[in-house]
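*Asks:* the following block contains a protein sequence and its predicted model.
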Amino acid sequence: MAQRQIVIIIVSVLVLLGLLPAATYVLAGYALRPAGEVFAPLRLALVRAAVLIGAVAAILVEGLGAAHALRPRYLVLTWSIATLLALAGAATRYLRDGHPPALGERIRRAWAGIGRPERIMVAALAVVFVAELLIAAVSPPNNYDSQTYHLPRIEHWVQQRDVDLFATRIHRQLTLAPGAEYLLLHLRLLTGGDALYNLPQYAAGLGCALVASRIAGQLGGSPRAQVLTAFLVGTTPIVVLESTSTQTDLVVAAWVACVATLVLDELRRRTGPTGVALLGLATGLVALTKENGLLAAGPLLIIWGVAQLRQDAPRTRSARAGIGPAVLRWLRVPVRTVAATVVILVLAGAVAGPFLARIAGEYGNPLGPVYLRDSISMQRHDAPSVLVNALRIGHTALNTPLDPLDDAVAHGIERLSRAVGVNPNDPEITFWGSTFPTSAWHPDEDKASFPVEGALVLLGAGFLVARPARRVPGRYAVAVRAHAAAFWLALILYLTTIKWQPWGNRLILYLLVLGAPLAGLWLDAVFRRRPSPKSRASSPDRPSSPDRPSSPDQPSSPDRPSSPDRGGVGPGGAGRRAASWLAVAALVVSGCAGWLTVGYGWPRRLVGTGSVFTVDDLQARFQRRPGWRAGYEWAAAAVRASGAHRVGLVQNSDTWEYPWWILLPGRRIEAEQSLVPDLPPVRSNQVDALVCVETPAVCGYYVPPGWRLHMRGDIGYALPDGR
């Protein structure tokens, strides 16, 4: 009994240590609350804290790694100091501001400020998030890519106490951006295991919904538009699935959303030092997590730059009187905007630069070796090839359970491809080894499509980029059009640079989150009744209750509609009613899809066969490949029984390495193959045992004389004779 109590105490302490970053985040969010009048200050505080804590975590990994000091003791010390500093900042802010309204009071006011339909959506979304949290907390990490490279790279870093490159057969452990894994590395060193690994993606999914709703409000959306936006993001099947995993797509989507909301805050004002710093750090986090996110961050920063240049123009005109031509030419130079841009690039480089420098130093390009770039990036950019690539990506993203419809569309795309002289499976526009089409509607975290949400985003982005003033108050039209233009530009950049691949739906999650506010705005406009001519003439933009704040998390805005207009239906009323009913049906389908996904998604589900409550730890880890479990356990048991401490590893480029780290705790595992010319692998005579996931011929090649190889299928081990 005493032993059990000791174990419980140790586990509790480790969990508390793992929650140090979360405690720091909460305290930092309180301390970083905006002081002035700003839209949705609570959500902005969460964005600020997330960017700051994420950047600190990344820089801390690089700094400790440079000192070869990635050890638990140093992480516990630094996070303890960070928590104390955040606590001091929060206390200072509390004393300066007095007694702010309690969180419960804010929630009550927010609940009172929305209608019954919005309350239903909020409640349904809250239950989905609670169910996701339950799955994320109970299930061990079992994502396929995580078993191959996301999580093994963390174990190598822990083993070598830095994040330098290491010998490996799986190049993705080295070459793909590690931002999300840096966050997991902190949890690994603080807790000693992977029990909390699913929580960063869960937090990113929740953050995507909250930040997207804030963007909708920044673009003139009513509380209903904000709720619609959050509902669409939160119930998208692939968002639900990834929110309980150790994938990285939601993390980069969250960072892109942070860049977007920070940019929108600065469209009508000069960006101060805090805003510049946050934009730089957020951009660096995008680059460090997944480079394709820069295809959206780039257009957003261009919008920011143009807005800042417009702030320079009045000052230049006012300074013309009495100033000579030479001085005037110097004044025309947007010094402050250029300086702010330089600071953004420097801060982004401070976050992502060390990793990119390592990759560039080894491969001559910050994007990695040629074979990696060619496997992902388009090699053809002629119009027919881009068209075919776009159609295939759209077909996979909007894939439905209606097989006859999907097959007909796929056949049409294939016929069109050949008609314009493009092979629909040309390796120059198709990921290696893949064949179009693929079925993607199943609730699988690697492929799940989002036909309803994707269609609503495209419709909203199309209508709002064309005529935004018809759907939002006039003063927001420019911002809406700019955001819609950034979405379309990011989408075009993706379609022209990234090859089609069966699991490409994961890669465009950041586009879904970026476009969801546009869908929310459009849906809100569809649900609003058209005002009568008399009411339009008297107040075209004013809501029915301008004196009531639309939400406790946002200041009152006389231009932001807070309730449906009460005018007559007017001309075209039947069409508007039909559109409203179609929109309601789409939302119901989206909500049901989210619920079914959280219940029956794969490889983690709440109920049914394979539920997270009915499988043991190892069974859950091998949920994707249950047939591999026996072989891994058999080989690992033999190696443990031999007393081997240093274990050599042989595998191919897509096998699972992480189970060896789970089944062989306390051993030093080193690769006997290396794709890095400057990093030779460990030799067979330097290890005590060998584990292998390859063909018997390949495994036998690495077995030294005097050793015996044992194989079960393509999984085996080798030990010296007599052990």
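*Replies:* Yep, it's here. Numbering: from 1, shown residues only.
*Asks:* I'd say A352 and A282 touch.
*Replies:* No: the criterion here is Cβ atoms under 8 Å, and A352 misses it with A282 at 11.2 Å. For the C-beta atoms, the positions are set from N, CA and C on the backbone; glycine is no exception.
*Asks:* how about stretch 664-679 as PDB, C-alpha atoms only?
*Replies:* Taking Å, rounded to 0.1, in the frame of the first residue of the first chain, the C-alpha atoms of stretch 664-679 are listed here in PDB:
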ATOM      1  CA  LEU A 664      13.300  -0.400 -24.300                       C
ATOM      2  CA  PRO A 665      13.300   2.200 -21.600                       C
ATOM      3  CA  GLY A 666      16.700   3.300 -20.200                       C
ATOM      4  CA  ARG A 667      18.600   1.900 -23.200                       C
ATOM      5  CA  ARG A 668      20.700   4.000 -25.600                       C
ATOM      6  CA  ILE A 669      19.200   3.500 -29.100                       C
ATOM      7  CA  GLU A 670      21.400   4.600 -32.000                       C
ATOM      8  CA  ALA A 671      20.900   4.200 -35.800                       C
ATOM      9  CA  GLU A 672      23.200   2.000 -37.800                       C
ATOM     10  CA  GLN A 673      22.200   3.900 -41.000                       C
ATOM     11  CA  SER A 674      22.600   7.500 -41.800                       C
ATOM     12  CA  LEU A 675      21.300   9.800 -44.500                       C
ATOM     13  CA  VAL A 676      23.500  12.700 -43.200                       C
ATOM     14  CA  PRO A 677      26.900  12.600 -44.900                       C
ATOM     15  CA  ASP A 678      28.700  14.300 -42.100                       C
ATOM     16  CA  LEU A 679      27.100  12.100 -39.400                       C
END
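*Asks:* which residues sit against that stretch?
*Replies:* 155, 159, 165-169, 171, 174, 362, 636, 639-640, 644-651, 660-661, 680-684, 687, 690-691, 702 (Cβ atoms under 8 Å, 6 or more residues apart in numbering).
*Asks:* now, which of the residues you listed lie within helices?
*Replies:* Assigned to helices by DSSP state H, the following of the contacts of stretch 664-679 qualify: E155, Q159, L174, E362, A636, V639, R640, W660, W661.
*Asks:* so what's the third one up against?
*Replies:* Applying Cβ under 8 Å, 6+ apart to L174 gives the contacts R153, L165, F166, T168, I359, E362, L675, V676.
*Asks:* look up how far W656 lies from it.
*Replies:* Using Cβ to Cβ, to the nearest Å, L174 is found at 17 Å from W656.
*Asks:* now swap in the second one and tell me
*Replies:* Between Q159 and W656 the distance, using Cβ to Cβ, works out to 18 Å.
*Asks:* counting neighbours, go ahead and name the busier of these two.
*Replies:* W656 (22 against 15; other Cβ atoms under 10 Å).
*Asks:* you'd agree the more buried one is up against V691?
*Replies:* No: using Cβ under 8 Å, W656 is not in contact with V691, being 11.5 Å away.
*Asks:* picking that back up, counting neighbours, go ahead and name the busier of A352 and A282.
*Replies:* Of the pair A352 and A282, A282 is the one with more neighbours under other Cβ under 10 Å, namely 33 against 25.
*Asks:* for that one, what are its contacts?
*Replies:* With contact taken as Cβ under 8 Å, 6+ apart, A282 is in contact with V51, W255, C258, V259, L262, A297.
*Asks:* do A55 as well
*Replies:* L281, G284, L285, L347, V351.
*Asks:* can you pick the most crowded of those residues?
*Replies:* For the contacts of A55, counting by other Cβ under 10 Å, the largest number of neighbours falls to L285: 31 neighbours.
*Asks:* quick check: that residue touching W255?
*Replies:* Yes: L285 lies in contact with W255 (Cβ under 8 Å); the separation is 4.5 Å.
*Asks:* can you check which residues contact both of those two?
*Replies:* Counting by Cβ under 8 Å, 6+ apart, the common neighbours of L285 and W255 are V51, G54, G179.
*Asks:* coming back round to it: narrow the contacts of stretch 664-679 to those in strands?
*Replies:* R646, V647, G648, L649, V650, Q651, L690, V691 (DSSP state E).
*Asks:* which one of those residues is nearest to Q247?
*Replies:* Lowest distance from Q247 to the ones in strands among the contacts of stretch 664-679 (Cβ to Cβ) belongs to Q651, with 21.1 Å.
*Asks:* so S377 makes contact with T496?
*Replies:* No: look at S377 against T496 with Cβ under 8 Å: they stay out of range, at 10.0 Å.
*Asks:* the two: who's more crowded?
*Replies:* T496 (15 against 12).
*Asks:* check what pLDDT the more buried one gets.
*Replies:* pLDDT, T496: 97.
*Asks:* so how far is the helix or strand where it lies off the chain centroid?
*Replies:* Element membership of T496 [criterion: DSSP states H and E] is helix 477-497. Relative to the centre of its chain, helix 477-497 is centred 18 Å away, using Cα atoms, centre = their mean, to the nearest Å.
*Asks:* repeat for stretch 673-691
*Replies:* On Cα atoms, centre = their mean, the centre of stretch 673-691 falls 34 Å from that of its chain.
*Asks:* show the average pLDDT along it.
*Replies:* Averaging pLDDT along stretch 673-691 gives 92.
*Asks:* give the next helix or strand downstream of the helix or strand of the chain with the lowest mean pLDDT.
*Replies:* Sorting the helices and strands of the chain by mean pLDDT, DSSP states H and E puts helix 533-538 at the bottom, at a mean of 42. Per DSSP H and E, the first helix or strand lying C-terminal to helix 533-538 is helix 573-600.
*Asks:* report the buried residues of the helix or strand following that next one.
*Replies:* Per DSSP H and E, helix 573-600 leads on to helix 617-621 as the next helix or strand towards the C-terminus. For helix 617-621, a neighbour-count test (16 or more other Cβ atoms under 10 Å) marks L618, A620, R621 as buried.
*Asks:* now those in CSV, with pLDDT?
*Replies:* Formatted as CSV, these follow (pLDDT from 0 to 100):
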residue, pLDDT
L618, 96
A620, 96
R621, 97
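*Asks:* list just the nearest of the residues you listed to V370.
*Replies:* Checking those against V370 with Cβ to Cβ, the nearest one is R621 at 34.1 Å.
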